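> Need coordinates for the following:
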Amino acid sequence: MNADGTIPVSPRHTVRLAQEYHHLIQHPPGTDFVVRTIAHRKAGDMPLMSAQLVIAGTETRRQYPLANTYPLHFRKTYFPASLHGDPQVEFQRQTRASELLPVPPPIGWSPLSFRSCFIPGKPYNRISPFGLEPEEANIQAADELPLPAAAGLWHLMQEAFRHLSALHRGGNTHGDMELHNLIVCPAPLEMHLIDFENAREQAESDPAQWAKWQAEDLQNILREAVYLQCALGRQEGAMAEAAERSLKSLLQNPARFTRAIQRKAGL
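Just a heads-up that it's a prediction; the model follows:
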């Protein structure tokens, strides 16, 4: 722990920990201490999965060396009755992603658990004004979006697009590229991809399947790019070009969005 009460939670991020937790960092309990439960899935009364922010206990720090560097971290626990992916495969996929992107390496795995660094920030879907139904409602949301906000969101989406493109060039897909799996970290300001549980490798597919997987990864980002251009007007660059090429597959009524983009540009 740093002298100012902050603690590293990834190679690039620190958080200020409440005073009452300091002793657990310096003098860990035998087992993990749960700071916050982020998600808890059940089928009836039967627990399936829990996602928690924990302070690593002595056994965890002994078993996973990175838990000593990042004692406050994310732990996903599966229960025996649940159907889930292989935590070892998720560990391998995130390790590979960390070699290609500014993604923290995972901390560890067991047959029923997966541990990774905590990225302090907000899921992108919580700061975006879009994702409305019917889809035309997003044009009105774009009209009401202030220019500074639209510009900031555009640059965040460009960063996400670059990260995914680099992942694809490295022979991997994310496999679950929902907007809640994009974390906007304010300090330093940047976008991070999380949750590589469903990531896949190019070697697992034929060329047609690989192209399909890449398109699925980019779908939500490119749709967001269309909405943002309804606020900004037509943009330049690889993401804008990819969104234009994919317009018919992204939206039910692409012509309305094309007109909205042209109207914003004064055409």
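
> Just give me the longest helix of the protein.
Counting by DSSP state H, the longest helix found in the chain is helix 207-232.

> how about the helices of the chain, start to end?
Using DSSP H, helices in the chain cover 22-26, 58-63, 66-69, 87-100, 137-144, 147-169, 207-232, 238-245, 247-250, 254-264.

> just for the chain, where's the confidence low?
81-82, 267 (pLDDT under 70).

> and it, what are its domains?
As assigned by automatic domain parsing, the chain contains the domains 6-116, 122-264.

> okay, how far is it across stretch 27-41, tip to tip?
31 Å (Cα to Cα, to the nearest Å).

> For that stretch, which outside residues touch it?
21, 24, 47-61, 71-72, 74-75, 82 (Cβ atoms under 8 Å, 6 or more residues apart in numbering). From N, CA and C alone the C-beta is placed, and that goes for glycine too.

> quick one: it to chain centroid distance?
22 Å (Cα atoms, centre = their mean, to the nearest Å).

> Could you name the helices and strands sitting against the longest helix of the chain?
helix 137-144, helix 147-169, strand 172-173, helix 238-245, helix 247-250, helix 254-264 (3 or more Cβ pairs under 8 Å, 6 or more residues apart in numbering; DSSP states H and E).

> how about a markdown table for the helices of the chain, with distance to P120 and mean neighbour count added?
Shown next, in a markdown table, are the helices of the chain (distance: least, Cβ to Cβ, whole Å; neighbours: other Cβ atoms under 10 Å):
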| stretch | distance to P120 | mean neighbour count |
| --- | --- | --- |
| helix 22-26 | 16 | 13 |
| helix 58-63 | 21 | 15 |
| helix 66-69 | 16 | 18 |
| helix 87-100 | 18 | 18 |
| helix 137-144 | 27 | 16 |
| helix 147-169 | 16 | 18 |
| helix 207-232 | 22 | 20 |
| helix 238-245 | 26 | 18 |
| helix 247-250 | 31 | 14 |
| helix 254-264 | 34 | 17 |
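
> All good on my end, thank you.
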